[in-house]
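Colleague: Quick one, structure for this:
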Amino acid sequence: MAKSKKIRDSARGEDCSLRLGVCSSNETVVLCHIGRNRGVGIKCSDQFSVYACSNCHDIIDGRVKSEFTKYELSHEKLRALEETQGKLIDKGLLCF
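Modeller: Here you go, the predicted structure:
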């Protein structure tokens, strides 16, 4: 699993990439792991993460119920992943 403190720290102060309609302040934005290889105490690689505020992060992690279907959440996670990876590339933190 690839971990990067620089990528995790890059979330600080960013806007939420998920934007599920419940966003809290950008002061609560962290790197939210969305890859399939995750669970309690297990995180996927940092490149499979999005910038997420605490409210959206709670929905993605299932701590809060939402009206989104699994398909809708998958669509939003992919959109947010593309946006977050674009920002990481611009910051020179993710290269191809």
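
Colleague: for Ala52, which residues make a bridge with it?
Modeller: Counting by DSSP bridges, Ala52 is bridged to Val30.

Colleague: Check whether it really touches Asn26, as I assumed.
Modeller: No. Assessed by Cβ atoms under 8 Å, Ala52 is found out of contact with Asn26, at 10.7 Å. Bear in mind the C-beta positions are built from the backbone N, C-alpha and C, glycine included.

Colleague: ok, those two, which is more surrounded?
Modeller: Neighbours were counted for Ala52 and for Asn26 using other Cβ atoms under 10 Å; Ala52 has more, 31 against 14.

Colleague: so what sits against both of Ala52 and Asn26?
Modeller: Cys16 (Cβ atoms under 8 Å, 6 or more residues apart in numbering).

Colleague: Secondary structure element for the residue nearest the centre of the chain, which one?
Modeller: In the chain, the residue lying closest to the centroid (Cα atoms, centre = their mean) is Val50, at 2.3 Å. Here Val50, judged by DSSP states H and E, is contained in strand 49-52.

Colleague: element containing Glu83, please.
Modeller: If you go by DSSP H and E, Glu83 is part of helix 70-90.

Colleague: Identify each buried residue in that helix, please.
Modeller: Judged by neighbour count using 16 or more other Cβ atoms under 10 Å, the buried positions of helix 70-90 are 73, 76-77, 80-81, 83-85, 87-88.

Colleague: Show me what it is packed up against.
Modeller: In terms of contacts (3 or more Cβ pairs under 8 Å, 6 or more residues apart in numbering; DSSP states H and E), helix 70-90 is packed against strand 49-52, helix 54-60.
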